[in-house]
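Chemist: one predicted model, sequence on top.
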Amino acid sequence: MEEKIVYIHIGMHKTATTSIQYTMFDNRDMLADFGYYYPKSFLINQSIYLLSMLLDNPESYYPNVKNQRQGKILEKFNEDNLANITKELEESRKSDVVVFSGEDLNLLTHDECTKLKHLINELCPDYSVKIICSTREYAEYTASAVQQKVKSSKLRELVLDDIQPLYKDLYRSRLEKYIDIFSKENIIVYKFEDSLKHENGPVGFFLETIGLSKDEIAKIKIWRCNDGIGRNAFDILLHINYRIPFVVDGEISSGRKKNDTNCIFDVRGGGKYRLPQTVYEHLEEFSADDRLWLKNEFGISYSYKILKAQDESKIIFDEDYLEDIIKVLDNTTLVITFLLKQYFIEKREDVDENSQKIVDKTIEEINNRYPFMNSDISLNKIIKKQNKEDLLFNKLIRKAKRRLAAWHSK
């Protein structure tokens, strides 16, 4: 009988993990026919469910804060998910391979990683366990990680103290505990740059790594998720995060809402976002020891790479940009709209004449939609107004639900 294996894909972040997860989830039935099982109970990114069960302090885990899962609600969330995955895997024991994927798993502490091993052994007692991790060149990884931090409202300013933890001991801090707990022979590490050369891209490389044949991979519908943002979108998001961080002291800030800035991600213009030159210079010094460790442990070598730094020229706004901002105004909240107006007022003096015209049109559009923003109204008053409107809306929803329930009971 062939060895049964559980593959635990732990990232890294920004190495096509989203594409891999969507591909695995979307092709579950076909993969099951090939003998590979991707649990559906944990949906696409399984970090959310696994870390919620494994962390010593799951209340502070960002997805739980974002979705306001705390206390007994969080306890039930974890209990239900454990029961669901246990039942599901008991019914799927015929599969030779089980795959879990969650890029946040590389952030577990040593003790939490030990809990992961115990959990997997309980769920899949007859399976051996392999850990898979993809690495990425330090400068490229850091630039991409900073973008993600800004997109998820976790970064307020581009200061070295906030950026340095993204790359200091980048791979050693994430892989050493897995080596200790699962043993080195069970750790598979490959370069993201190598996976890009595969005929089916990083997803095809991953599928081949876990044992699928070329003929099987050819039948798989492969997802390609590009979640990068441009300089203009990045600049807006950083402004919003600085004014009102999404989370403060473990709670969602008043005025902020789940996914309230997602509509900004697609704003065009500014070219590819790049980090300031000072960050790249700092990165060379602070990644040297980690680069040596990675080479010694896994034979993966990254020489220091000098990327093109962020162009310090002024941001330019055009008609495409205005079109995108109009779409944002159609889909965002009152508070974000107010912060956008503040952003454009501040930017007006820093852009060229043509861009100023775009700024003026944008501010005029906001004022036409919300005349009360013409006055000298404060952010606190805007937050109170939004909260009041939310309460009224929720009251109307509850009233409609009661009427619907009464109608069904007749």
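Modeler: Cool, got the structure.
Chemist: just to check, S153 is in contact with R243?
Modeler: No: taking C-beta atoms under 8 Å as the definition, S153 is not a contact partner of R243, at 11.1 Å. (Glycine included, C-beta is placed from N, CA and C.)
Chemist: so who does P58 touch?
Modeler: If a contact means C-beta atoms under 8 Å, 6 or more residues apart in numbering, then P58 has 51-52, 64, 74, 78 as its contacts.
Chemist: mind running it again at 10 Å?
Modeler: Applying C-beta atoms under 10 Å, 6 or more residues apart in numbering, we find P58 in contact with 51-52, 64, 69-70, 74-75, 77-78.
Chemist: and if you look at L43?
Modeler: Applying C-beta under 10 Å, 6+ apart to L43 gives the contacts 21, 25, 49.
Chemist: how about it, secondary structure?
Modeler: coil (DSSP: H, G, I helix; E, B strand; the rest coil).
Chemist: ditto for Y302
Modeler: Here Y302 is recorded as coil under three-state DSSP.
Chemist: now it: phi and psi?
Modeler: For Y302, the backbone dihedrals (degrees, to the nearest 10) come out as phi -130, psi 110.
Chemist: pretty sure it sits against E284.
Modeler: No: if you go by C-beta atoms under 10 Å, Y302 and E284 don't touch, sitting 11.3 Å apart.
Chemist: any idea which element the residue nearest the centre of the chain lies in?
Modeler: Centroid-nearest residue in the chain: Q148, 6.1 Å away (criterion: C-alpha atoms, centre = their mean). Taking DSSP states H and E as the definition, Q148 sits inside helix 138-151.
Chemist: for R136, which non-adjacent residue is closest in space?
Modeler: The shortest distance from R136 to any non-neighbouring residue, by C-beta to C-beta, 6 or more residues apart in numbering, is to F192 (4.3 Å).
Chemist: count the neighbours of that neighbour for me.
Modeler: Using other C-beta atoms under 10 Å, the number of residues around F192 comes to 19.
Chemist: please renumber so the chain begins at 196
Modeler: Will do, 196 is the new start, and the previous item becomes F387.
Chemist: for K500, report the pLDDT, please.
Modeler: If you check K500, the pLDDT there is 61.
Chemist: sorry, wrong one. I was asking about S339.
Modeler: At S339, pLDDT is 85.
Chemist: same question, D422
Modeler: Looking at D422, its pLDDT reads 69.
Chemist: what of the one 4 residues further on?
Modeler: R426 carries a pLDDT score of 88 in this model.
Chemist: do I have it right that it meets Y468?
Modeler: Yes: the criterion here is C-beta under 10 Å, and R426 meets it with Y468 at 4.8 Å.
Chemist: neighbours around the residue nearest to V260 when sequence neighbours are not counted, how many?
Modeler: Distances taken as C-beta to C-beta, 6+ apart place V442 nearest to V260, at 5.4 Å, with adjacent residues excluded. Using other C-beta under 10 Å, V442 has 16 other residues around it.
Chemist: one more: I327?
Modeler: With other C-beta under 10 Å as criterion, I327 counts 20.
Chemist: I figured it hits I203, correct?
Modeler: Yes: if you go by C-beta under 10 Å, I327 and I203 touch, sitting 7.0 Å apart.
Chemist: what sits in contact with each of these two?
Modeler: With C-beta under 10 Å, 6+ apart as the test, I327 and I203 both reach 294-296.
Chemist: low-confidence ranges, the stretch 246-395 of the chain, go.
Modeler: 352-356 (pLDDT under 70).
Chemist: next: the stretch 446-595 of the chain.
Modeler: Along the stretch 446-595 of the chain, segments meeting pLDDT under 70 span 499-508, 594.
Chemist: CA atoms of stretch 244-259 as PDB?
Modeler: Extracted in PDB, the C-alpha atoms of stretch 244-259 (Å, rounded to 0.1, in the frame of the first residue of the first chain):
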ATOM      1  CA  TYR A 244     -10.000  28.200  10.600                       C
ATOM      2  CA  LEU A 245      -6.800  26.500  11.700                       C
ATOM      3  CA  LEU A 246      -5.200  29.500  13.400                       C
ATOM      4  CA  SER A 247      -8.400  30.300  15.200                       C
ATOM      5  CA  MET A 248      -8.200  26.800  16.800                       C
ATOM      6  CA  LEU A 249      -4.400  26.900  17.400                       C
ATOM      7  CA  LEU A 250      -3.500  30.400  18.600                       C
ATOM      8  CA  ASP A 251      -3.000  31.000  22.300                       C
ATOM      9  CA  ASN A 252      -4.900  34.200  21.900                       C
ATOM     10  CA  PRO A 253      -7.400  33.700  19.000                       C
ATOM     11  CA  GLU A 254      -9.400  36.800  19.900                       C
ATOM     12  CA  SER A 255      -6.500  39.000  18.600                       C
ATOM     13  CA  TYR A 256      -6.300  37.200  15.300                       C
ATOM     14  CA  TYR A 257      -7.100  39.700  12.600                       C
ATOM     15  CA  PRO A 258      -9.900  37.700  10.800                       C
ATOM     16  CA  ASN A 259     -11.600  37.200  14.100                       C
END
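Chemist: distance from the chain centre to that stretch, please.
Modeler: 15 Å (C-alpha atoms, centre = their mean, to the nearest Å).
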